[in-house]
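**Student:** requesting a structural model of the entry that follows:
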Amino acid sequence: MAHKTMNPKVDDYLSQGCMRCKLGGTPDCKVHKWEEELKRLRAILLDCGLTEELKWSQPCYTYQKRNVVMMSAFKEYCSLSFMKGSLLKDAYGILVKPGENTQVGRQVRFTNVEDIIKMEAILKEYIHEAIEVEKSGERPKIKQNQEPIPAEFQRKLDEMPDLKTAFEALTPGRQRAYILYFSAPKQSKTRESRIEKCMQKILDGKGLND
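**Tutor:** Predicted coordinates for the structure are as follows:
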């Protein structure tokens, strides 16, 4: 695959941070802790022919507008997160669940650039496999919430694909908490107000009480 173009928004992410908290734009932002590792991961992802975008304040790599893998910085590690990681064979046993109840997403975590360099060929295998999963159209089996999604929230999910993707990436417990919170008011207007106030938290990958 051809090497894809760097997105200036990701350049800003690497130089300024993710801007998701008050540390964004400061030397204390966790992006700076892993800057060398993130740059190495970025080069690998672009070398696999994926399109580089910025979604949910993080670098997201897509194939024909479908999310394949995200690159993230955390306090203790940086990671690649495969959106449909549960469908990958994981031949080398390197994938982990981001949370105990995560159904679909899987991470590969790194704490130094040397490991990334050693694993480059393996990582490319996983990325190409993830692209093939997208090409195949295969969908992971997801255990559905017991509570019905209120109509007002379902409309928002249908209108905003990014919101739908972000909501589905949450753990079942976080999804359920939002659904119960949105469903509680008797008046539709109040339900809509709650949804509007929580949309950014969902897009940021946060639970109702995070």
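**Student:** distance of the residue lying closest to I142 once chain neighbours are set aside relative to L46?
**Tutor:** With CB to CB, 6 or more residues apart in numbering as the measure, Q103 is the residue that lies nearest to I142, at 5.4 Å, once sequence neighbours are left out. C-beta here means a position set from N, CA and C on the backbone, and glycine is covered the same way. Q103 sits at a distance of 29 Å from L46 (criterion: CB to CB, to the nearest Å).
**Student:** go on, R174?
**Tutor:** Applying CB to CB, the value for R174 to L46 is 31 Å.
**Student:** can you pull the pLDDT of the residue nearest to I142?
**Tutor:** We have a pLDDT of 79 for Q103.
**Student:** tell me if I am right that it is in a strand.
**Tutor:** No. Under DSSP: H, G, I helix; E, B strand; the rest coil, Q103 falls outside any strand and is assigned coil.
**Student:** now the spatially most central residue of the chain, what's its secondary structure?
**Tutor:** A centroid search over the chain (CA atoms, centre = their mean) returns M70, at 5.2 Å, as the residue closest to the centre. Three-state secondary structure (criterion: three-state DSSP) places M70 in strand.
**Student:** who's in contact with it?
**Tutor:** Residues counted as contacts of M70 (CB atoms under 8 Å, 6 or more residues apart in numbering) are K55, W56, Q58, P59, C60, Y61, L80, S81, M83.
**Student:** residue ranges with poor pLDDT in the chain?
**Tutor:** When residues are selected by pLDDT under 70, those of the chain lie in 1-3, 19-20, 24-25, 100-101, 143-146.
**Student:** related to what we said a few turns ago, list the contacts for the residue nearest to I142?
**Tutor:** The contact partners of Q103, by CB under 8 Å, 6+ apart, come to S86, P140, I142, K143, P172.
**Student:** and the gap between it and T171?
**Tutor:** 8 Å.
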